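K.L.:
Need coordinates for the following:
(one chain, ligands or ions: 1)
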Amino acid sequence: MKKVITIVGARPQFIKAAAVSRAFRSNELFDERILHTGQHFDSNMSDVFFDELDIPRPHFHLGIGGGGHGQNTGRMLEAIETVLVSERPDWVLVYGDTDSTLAGALAAVKLHIPLAHVEAGLRSFNKRMPEEINRRLTDHASDLLLAPNAAALKTLASEGISGRHVVNVGDVMYDAALIFGEKAEAKSNILNILSLRPQQYILATVHRQDNTDTPERLRNIFSGFAAAPLPVVLPLHPRTRQRINSFDIAIPGNVKVVDPLGYLDMVMLEKNAALVATDSGGVQKEAYFHRVPCLTLRDETEWTELVELGWNTLASPSRSDLASVFAASYTPGVTGAMPYGNGAAAEAILHELACYS
Ligand code: UDP
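P.N.:
Numbering: from 1, shown residues only. Below you'll find the model as predicted:
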């Protein structure tokens, strides 16, 4: 049996790990133990996902969150190392691009424990993003690079990373969308709760540091929302809420602010939205999985194929005329493309972990 320590800490990682953890539990070759760093600690940013998505309770909970990038990463590195020294797993599995990802990667490689990175090869080419630093360093430290799409393989090759340990397994978020999408339809009552009608609202999320911490960009985003032809539903990330208050930004009348939602409610809102407007990586893709047009509130995206397919439009929050972007209408793009695999990424990941030598 191979022992795997999965390291998670932030909302998108719980969702990705949910799909893979499910596969681990039905495969007798593996013994998975989940380590939660504590990076996201509010119950609506963490516990709700463990409950709704049937993720086993973490074996290890470090309770490290709330600090700056350096402080968090440093404290996590130290605490993860202690766990890995006593557990001596066959694999450390990290996801995405957060401080938890980087801390887990550094702890593993320094102890010569094989390291696998899910969502390898994504790049924004914007080094102002903490996520860009985390993902680049993690890729360059990893033994097994599990890319979500063909473009990521090319990017890795251009950085000198290629060979049989670099594999396009497909996107685990697509697995999650398929596994939990039906459950969302059955269980979520969010449209009624928020008095929303299908196709009659825009779903928005904002949490990228460059947007939340630059008053000008955050103000432009809210001016854009104010010009939208439909109500805007905004599940608000705690950091964004804090910045809106400190920058004294007024919430436009057509914006309905709600607390962060569980995944099932979020999926339900995504499926029924007329338009998604977001700076989230995951939400851009989910909009595509449900074939809803997406405005990306950033200067660039890691998911460039969505722009090429006509489902995603970049709308830089540095533009003071963002209102015109919101006022425009958006038509569906190319429908049949499958750039993220067939929803079996979790199985492909287990296969690679089992066969690696
Ligand atoms: N999400 C959620 N509730 C919310 C906002 C987002 O469940 O209120 C989900 C969303 O559906 C997606 C993931 O969280 O699966 C994306 O996480 P986030 O936007 O925090 O991170 P990113 O993808 O940008 O790394």
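K.L.:
SS state for R219?
P.N.:
With DSSP: H, G, I helix; E, B strand; the rest coil as the basis, the three-state label of R219 is helix.
K.L.:
Give me the pLDDT for it.
P.N.:
For R219, the pLDDT comes out at 96.
K.L.:
Quick check: residues of the stretch 251-357 of the chain near the ligand?
P.N.:
For the stretch 251-357 of the chain, the residues in contact with the ligand (CB under 6 Å from any ligand atom) are P260, L261, Y263, M266, S280, G281, G282, V283, E286. (C-beta placed from N, C-alpha, C; glycine too.)
K.L.:
Chain neighbours aside, what residue packs nearest to the closest residue to the ligand within the stretch 1-150 of the chain?
P.N.:
Nearest to the ligand, among the residues of the stretch 1-150 of the chain, is P12, at 3.7 Å (CB to the nearest ligand atom). Leaving aside its sequence neighbours, P12 sits nearest to G282 (CB to CB, 6 or more residues apart in numbering; 4.8 Å).
K.L.:
What's the local residue count around the one you found?
P.N.:
Residues near G282, counting by other CB atoms under 10 Å, number 22.
K.L.:
same check, this time on F247
P.N.:
Residues near F247, counting by other CB under 10 Å, number 15.
K.L.:
Wait, it touches R219, no?
P.N.:
Yes. With contact defined as CB atoms under 8 Å, F247 reaches R219; the gap is 7.3 Å.
K.L.:
quick one: secondary structure of the residue nearest to P12?
P.N.:
Secondary structure assignment for G282 (three-state DSSP): helix.
K.L.:
On the pLDDT front, check it for me.
P.N.:
The predicted local confidence for G282 is 98.
K.L.:
Distance check, it against N312.
P.N.:
Remark: distance between G282 and N312 (CB to CB, to the nearest Å) = 13 Å.
K.L.:
now do E182
P.N.:
Remark: distance between E182 and N312 (CB to CB) = 25 Å.
K.L.:
returning to what we had before: surely the residue of the stretch 1-150 of the chain closest to the ligand and Q284 touch.
P.N.:
No. Counting by CB under 8 Å, P12 sits too far from Q284 to count as a contact (11.5 Å).
K.L.:
still on that earlier bit, who touches the residue of the stretch 1-150 of the chain closest to the ligand in this structure?
P.N.:
Y95, G96, T98, M173, S280, G281, G282 (CB atoms under 8 Å, 6 or more residues apart in numbering).
K.L.:
how many neighbours does the third one have?
P.N.:
Taking other CB under 10 Å as the neighbour definition, T98 ends up with a count of 29.
K.L.:
Got the phi and psi for it?
P.N.:
For T98, the backbone dihedrals (degrees, to the nearest 10) come out as phi -100, psi 180.
K.L.:
residue contacts, Q200?
P.N.:
If you count contacts by CB under 8 Å, 6+ apart, Q200 has them with L230, P231, A274.
K.L.:
part of a helix, is it?
P.N.:
No. Counting by three-state DSSP, Q200 is not found in a helix; it is coil.
K.L.:
Mind jotting down where the strands sit in the stretch 101-250 of the chain?
P.N.:
Taking DSSP state E, counting those that start in this stretch, the strands of the stretch 101-250 of the chain run over residues 115-118, 144-147, 166-168, 202-205, 232-235.
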